[in-house]
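Colleague: Just the structure for this:
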Amino acid sequence: MGTSRQRKQRTKDDDRPAIWVGYGKLVRLHRDRAGLTQQELAEAVGYSSEQVASIEQGRRPAKSAFTEAAETALNAGGTLAVLQDDVDLAKLPAFFQDFALIETEAVSRYDFDPLLIPGLLQTEDYARALFSGHCPSLSEEIIEQHLDARLSRQKLLTRTPMVETCFIIGESALTSTVGDAEVMKAQLQHLLAQGSMRNVEIQVMPSDCGFHPGLGGPMVIMETLEHRRVGYIESQDVGVVITDAPNVSAFGLRYGKLRTQALNAAESARLIRRVAGET
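Modeller: Now for the predicted structure:
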């Protein structure tokens, strides 16, 4: 009876994502079958034995580099690789995971952010500066997990089939320093590079535009593989997925008006270059 009660208590208090625990058990199973110690596996994949132990115990999420190396070292037959997307998903803040799961099935994505560079367009240094400035403060381990997950999500822009995207960014997002001047210059140059992709359109909403429908805050509209449209809003670490048709329709109307009021892609690129000091 006591053992059962302790097991229930451990389960209740355990904050490890279930997918990390399951992935770790699978690594341990393959390692035992291969006749390797944790140290031997660590040497084979270029990790420390402590890191391998943490992954096997579900305390640390595996990065794609570990999974690729472990697949080869353990002859895992794709059983680890098939879990990687789910492992990455669990690195995201809990409030964002439902939206991120829908995002993996997007065929189009339209984003408006008046104050910050959207996550899918952020450089690693810009994103790290944002996470490092979070209040309340995040541990270094959580920062690294969130950062890795955000960078992994950016594969949405280069995957096949191609996802059509549009990002409308407030001009103040270009001029507000996140990190330092060097981080911002690199971020603006990255925007120009991303905007040159065939499926990525970047528009800037000028600060002197006056009233526009985006003053109510940031929003995202997506269309899924089933041609279902959903909206998403987020503020102060609270995210809400919008699925009811009237509200999603209203998002679409507002976004359409925003596109007519923002600078077009060519004008936006010229403004970004000017802010970056390239003209």
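
Colleague: can you pull the buried residues of stretch 85-102?
Modeller: Val87, Asp88, Leu89, Ala90, Lys91, Leu92, Pro93, Phe96, Gln97, Phe99, Ala100, Ile102 (16 or more other Cβ atoms under 10 Å). All C-beta atoms are positioned from the backbone trio N, CA, C, and that covers glycine.

Colleague: do stretch 106-114 as well
Modeller: Buried residues in stretch 106-114, counted by 16+ other Cβ under 10 Å: Ala106, Ser108, Arg109, Tyr110, Asp111, Phe112, Asp113, Pro114.

Colleague: From the buried residues of stretch 85-102, which land in helices?
Modeller: Among the buried residues of stretch 85-102, the subset assigned to helices under DSSP state H consists of Val87, Asp88, Leu89, Gln97, Phe99, Ala100, Ile102.

Colleague: Just confirm Gly277 is within a helix.
Modeller: No - Gly277 sits outside any helix when classified using DSSP: H, G, I helix; E, B strand; the rest coil, being coil.

Colleague: contacting residues around it?
Modeller: Lys185 (Cβ atoms under 8 Å, 6 or more residues apart in numbering).

Colleague: Show the pLDDT at it.
Modeller: In this model, Gly277 is scored at 90, pLDDT.

Colleague: so what's the closest residue to Gln261 other than its chain neighbours up against?
Modeller: Of all residues not flanking Gln261 in the chain, His212 sits nearest, at 5.0 Å (Cβ to Cβ, 6 or more residues apart in numbering). His212 makes contact with Met205, Lys257, Leu258, Gln261, according to Cβ under 8 Å, 6+ apart.

Colleague: This structure - how does it break down into domains?
Modeller: Using automatic domain parsing, the domains assigned to the chain come out as 2-89, 94-275.

Colleague: and those domains, which one's lowest on average pLDDT?
Modeller: With a mean of 88, domain 2-89 has the lowest mean pLDDT of the domains of the chain.

Colleague: Figure out how far it is from the centre of its chain.
Modeller: From the chain centre to the centre of domain 2-89 is a distance of 22 Å (Cα atoms, centre = their mean, to the nearest Å).

Colleague: List the buried residues in stretch 255-264.
Modeller: The neighbour-count check on stretch 255-264 (16+ other Cβ under 10 Å) flags Tyr255, Leu258, Arg259, Gln261, Ala262, Leu263 as buried.

Colleague: Need the three-state assignment for Gly231.
Modeller: strand.

Colleague: out of everything not next to it in sequence, what's closest to it?
Modeller: Per Cβ to Cβ, 6+ apart, closest to Gly231 is Ile242, 3.6 Å.

Colleague: Quick check: that neighbour touching Gly252?
Modeller: No - here Ile242 does not reach Gly252: they are 11.0 Å apart, not a contact under Cβ atoms under 8 Å.

Colleague: higher neighbour count, the two?
Modeller: For Ile242 versus Gly252, the count of surrounding residues by other Cβ atoms under 10 Å is larger for Ile242: 19 against 15.

Colleague: ok, now which ones touch the more buried one?
Modeller: Val230, Gly231, Tyr232, Ile233, Val248, Phe251.

Colleague: Of the buried residues of stretch 106-114, which pair is most distant in space?
Modeller: Farthest apart among those by Cβ to Cβ are Ala106 and Pro114. That separation is 21.9 Å.

Colleague: Could you check how many residues crowd around Gln207?
Modeller: For the record, residue 207 is Ser, not Gln. Ser207 has 12 neighbours, counted by other Cβ under 10 Å.
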